[in-house]
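Undergrad: Turn this into a structure:
(chains A and B)
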Number of protein chains: 2
Amino acid sequence: MTERYAAEALIDYAEALFAAAGLEADKAALVAPLMVEADLMGHTTHGLQLVAPYLAALADGSMTAAGAPEVLSDRGPVVVWDGRRLSGVWLTATAVDLAVERARQYGTCTVSIRRAHHIACLAAFLERATAQGMMVTLTCSDPSVASVAPFGGTRAIYTPDPVAVGIPTSGDPILIDISASITTNGLTNRLHKEGRNLEHDWLIDADGNPSKDPSVLFTDPPGTILPVGGLDHGHKGYGLALIVEALTQALSGHGRADPPEGWGAGIWVQVQDPTAFAGADAFTRQTDRLAELCRTNPPRPGVEAVRLPGDGALARKRTALADGVALYPGIIEGLAEWAGKLGVAAPTPL
Amino acid sequence: MTERYAAEALIDYAEALFAAAGLEADKAALVAPLMVEADLMGHTTHGLQLVAPYLAALADGSMTAAGAPEVLSDRGPVVVWDGRRLSGVWLTATAVDLAVERARQYGTCTVSIRRAHHIACLAAFLERATAQGMMVTLTCSDPSVASVAPFGGTRAIYTPDPVAVGIPTSGDPILIDISASITTNGLTNRLHKEGRNLEHDWLIDADGNPSKDPSVLFTDPPGTILPVGGLDHGHKGYGLALIVEALTQALSGHGRADPPEGWGAGIWVQVQDPTAFAGADAFTRQTDRLAELCRTNPPRPGVEAVRLPGDGALARKRTALADGVALYPGIIEGLAEWAGKLGVAAPTPL
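TA: Sure, this is the predicted structure:
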C-alpha cells in the first residue's frame, strides 16, 4: 500500500530542506506550502518533485537565496520587477498578494516579472486571490527553454506557455490551468524516463511526423510538442503561445532576444477586483449560473459527468488533507539524498 | 471575373446605409470603415455581410441608434459601461480608443461593457491600438446565444468566445484572433446554407457523435461546435471559454443569469502600454525576435512557410487596397434590397 503523509509534515520537511540549503527564512516559509499544494491538487510533476532541483539550484547559485526583486517600474496599477533569479514561487506568490492589495484600490493590478527562477505549479497560486473574491490571471514562460514549434514548423522556439485563471463563485472557485501546447515538459520528461508513450499523437519528430513517443523529443535535432489543436487546428495553440510570450517576456523586457540565463521564468500576474466592475454579487451571480450550466450538462456517452476545471483538484486536495498525501512514486526517495546531505530529518508516514 | 470595388466606395456605401437607417452620424462614420476592414483582411463572414442584419436591427429597434453608454464605474484604469444595446462595433472602437488614452496614464486600462449589440470582427479593432505601440486584448461573448457545449457535455451553453490580441513589433503587428471553439457560428451558418461540410469532425451531434456536417447544429435538440482541442484535448478550449465568459459577463454584470435580450455582446477590452512596463524598445526587441524565430522556422512537409497570425490578413488588406476589394459572393446582392428600401445608391465596381 502506498504510504501517506500528513500535509503539514511534508510542508515542514520542504521548509526545513529549503532553509538548510540557505533559502531566506521568509521565502522558505512561503514556498514550502505552495510546493505541497501542487501535490495536494494532484499536479504531481510540479510539486515536491521540483524541490530536489530547486535545492540543486540554491547549491550552485542559479537560484538567488535572499533579498527582494528590483523595482523597474511602479505606476500603481502596473508594477515591473527584475526578479534577480529569486525563487519564482516566492516571487509569484508575493506578486499575487501585492496585486490583490493594489486591485482593491485601482480595480486591477498587473505585475510583470523578468528573470525569476522557475515558478512550479500555476494552479497552486490561484486560491490566494479567489479566496478574497478576486479574479486572477497568471502566465509564465521560460526564455531559456524551448520544446514547442510554431504551427507548421519543426523547430522548438518556446515553452508550453501555461495560463492559469482563478474565477470566484459563491462556492468553490473555478481553477483553470491550461497550456498553449497539448502536453507539458514535465509529463513528457516523466514518461520518457519511465519508457511510456503518450495517449495520442501529441508530438511531432524533428521531420514533422506525428508521434506519441516522448523519445522523439530527445533526438538531435529534437522533435517538438504540438500546439493545442494539434495538426488539425494548431493555429489556435500557436496564437495562445504568442500571447503568453508577449505578456511574459516583451512586457518584462527580458526574453529570447537575450542570452539564456538558465532555468527560469518571465511572469505576468493580473488581478481584477469585481467590486470595481459591476460588483461582487453581480460577478458571482453570473459565475454561479455558468457553473450550474456546466455541471448539469448532459454528458456524452462514456463521460460520467461534466466537471468544472478545478473540481478534481479541489476534491483531491480535500481527500489528501483528510486522509494524508500519497506522493507520486520516487518523490520521497528523490528528497532523501538531499535530506541526508543537509541534515534534515525525513517525515514519518501516517 | 469577380467584380472589385474601391475600399473607399464600400465604406461610403455602408456609412450611407447606416445613416439612412437612422444610426447617429458619428456612429455610422466609425462603424462603416470597420465593417469594410474585416473584408479587407479576408474575414468575410464578419464584414459587410453583417450590414444587412445590423440595418434590420436598427429598423426593429433591437440596436439602439443614438446616444452614449451609461457609465457604471470609473476607477481610472477600470471603466464599466452599460452599452444600452448601442452598436457593438462603435462601442468597441470607442472603448479601445479610451483604453489607449488611459493606458498612457495608468500603464493599463480595462473597459468592460455589458449589453452591447453585436461586435463583428475582433481583428479589425487591433491596429487602432498597435499603431500607437500598445498591446491590446479584446474578447466578447453573446449571452443570448449558445452553440458550444462544455467539454464532455452535449448541450450548448456558450458562444465560440473569441479572443483577439494585437502585439506591436517594429514592423507589422502580430494580430491574433482565435476562438475557444474549433470553428465559428459564422462559418457553420454559411456552410449550412451552402450545403457544404467542414474539413474535419469539428462538431458533435445532439447525442455526442463526431460530425463535419453543419446540419447537425440545426436539429432539435441541436448538436454543438467542439471546443478547441476537440474530443482529444477539448478541456483546453473549455478552459479558455470559461475565462472569456467570466471576463465578458461576470465582470460586466450581465450574462446568462439574466433573461436573453437578443443578439448582442458582453465585451472586455484591455490595453497595456509597454512604456509603463520595461519600455517600448525593450518590448519590440523581444517581439521582433519572436517574429523572426517563427518566420525562419523550417516548415513541416507540405507547409510552404511558417507565418505569423495577421501576416495573411495584412497581405490581403494591402492587395485589396491596391487592386480593389473582391467581396464574398452574395454580399453586394444582400445589401441591394436595403439600398433600394433606404434610397441609397449602390457603389460602382472598378
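
Undergrad: Sketch out the low-pLDDT regions of the stretch 201-350 of chain A for me.
TA: Applying pLDDT under 70 to the stretch 201-350 of chain A flags no residue at all.

Undergrad: Helices of that one, residue ranges please.
TA: Listed in chain order, the helices found in the stretch 201-350 of chain A under DSSP state H, counting those that start in this stretch are A:230-233, A:235-245, A:280-295, A:311-323, A:331-342.

Undergrad: need the ones you listed in JSON lines with mean neighbour count and distance to chain B, can you?
TA: Yep, even glycine has a C-beta here, placed from its N, CA and C like the rest. Shown next, in JSON lines, are the helices of the stretch 201-350 of chain A (neighbours: other CB atoms under 10 Å in any protein chain shown; distance: least, CB to the nearest CB, whole Å):
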{"stretch": "helix A:230-233", "mean neighbour count": "19", "distance to chain B": "5"}
{"stretch": "helix A:235-245", "mean neighbour count": "27", "distance to chain B": "4"}
{"stretch": "helix A:280-295", "mean neighbour count": "21", "distance to chain B": "3"}
{"stretch": "helix A:311-323", "mean neighbour count": "15", "distance to chain B": "10"}
{"stretch": "helix A:331-342", "mean neighbour count": "16", "distance to chain B": "25"}
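
Undergrad: Select, out of these, the one closest to residue B:203.
TA: Taking CB to CB, helix A:230-233 is the member of the helices of the stretch 201-350 of chain A nearest to residue B:203, at 12.9 Å.

Undergrad: Which elements pack onto the closest one?
TA: helix B:230-233 (3 or more CB pairs under 8 Å, 6 or more residues apart in numbering or on different chains; DSSP states H and E).

Undergrad: re the thing from before, so which of the helices of the stretch 201-350 of chain A is nearest residue B:109?
TA: helix A:235-245 (18.3 Å).

Undergrad: what's the spacing between the residue lying farthest from the centre of chain A and residue B:276?
TA: Residue farthest from the centre of chain A, counting by CA atoms, centre = their mean, is residue A:301 at 31.9 Å. Remark: distance between residue A:301 and residue B:276 (CB to CB, to the nearest Å) = 51 Å.

Undergrad: Name the nearest residue to residue A:20, sequence neighbours excluded.
TA: Of all residues not flanking residue A:20 in the chain, residue A:342 sits nearest, at 3.9 Å (CB to CB, 6 or more residues apart in numbering or on different chains).

Undergrad: surely residue A:69 meets residue A:81?
TA: Yes - counting by CB atoms under 8 Å, residue A:69 does reach residue A:81; the two are 3.7 Å apart.

Undergrad: coming back round to it: hmm, residue B:208 and the residue farthest from the centre of chain A touching each other?
TA: Yes - Residue A:301 lies in contact with residue B:208 (CB under 8 Å); the separation is 5.8 Å.

Undergrad: For residue A:231, list the residues it contacts.
TA: Residue A:231 is in contact with A:201, A:204, A:210, counting by CB atoms under 8 Å, 6 or more residues apart in numbering or on different chains.

Undergrad: Output those of the residues you listed also counted as contacts of chain B.
TA: residue A:204 (CB under 8 Å from any CB of the partner chain).

Undergrad: Identify all contacting residues around stretch A:59-75.
TA: A:21-24, A:27, A:54, A:57-58, A:79-87, A:91, A:113-114, A:117, A:253, A:262-263, B:106-107, B:276-278.

Undergrad: So which of those sit within helices?
TA: The helices, defined by DSSP state H, take in A:27, A:54, A:57, A:58, A:91, B:106 from those.

Undergrad: ranking the residues you listed by neighbours, who comes first?
TA: residue A:91 (28 neighbours; other CB atoms under 10 Å in any protein chain shown).

Undergrad: How about the contacts made by that one?
TA: The contact partners of residue A:91, by CB under 8 Å, 6+ apart, come to A:69, A:81, A:83, A:113, A:116, A:119, A:267.

Undergrad: how near is it to chain B?
TA: 16 Å (CB to the nearest CB, to the nearest Å).

Undergrad: ditto for residue A:185
TA: From residue A:185 to chain B the distance is 16 Å (CB to the nearest CB).

Undergrad: swap in residue A:259?
TA: Distance, residue A:259 to chain B, by CB to the nearest CB: 12 Å.

Undergrad: again, but for residue A:223
TA: 11 Å.

Undergrad: for the spatially closest residue to residue A:79 that is not a sequence neighbour, helix, strand, or coil?
TA: Sequence neighbours aside, residue A:111 is the residue nearest to residue A:79 in space, at 4.8 Å (criterion: CB to CB, 6+ apart). Three-state assignment for residue A:111 (DSSP: H, G, I helix; E, B strand; the rest coil): strand.

Undergrad: wait, isn't residue A:111 in contact with residue A:101?
TA: No - applying CB under 8 Å as the test, residue A:111 and residue A:101 come out as separate, 10.9 Å apart.

Undergrad: Please identify which of these two sits among more neighbours.
TA: More neighbours surround residue A:111 than the other of residue A:111 and residue A:101, with 27 against 12 (other CB under 10 Å).

Undergrad: So what pairs up with that one in the strands?
TA: Taking DSSP bridges as the rule, residue A:111 bridges to residue A:79, residue A:269.

Undergrad: show me what contacts it?
TA: Under the criterion of CB under 8 Å, 6+ apart, the neighbours of residue A:111 are A:79, A:80, A:81, A:95, A:96, A:98, A:99, A:267, A:268, A:269, A:270.

Undergrad: Would you format these as TSV with neighbour count included?
TA: Formatted as TSV, the contacts of residue A:111 follow (neighbours: other CB atoms under 10 Å in any protein chain shown):
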residue	neighbour count
A:79	24
A:80	24
A:81	25
A:95	27
A:96	24
A:98	16
A:99	28
A:267	27
A:268	26
A:269	28
A:270	27
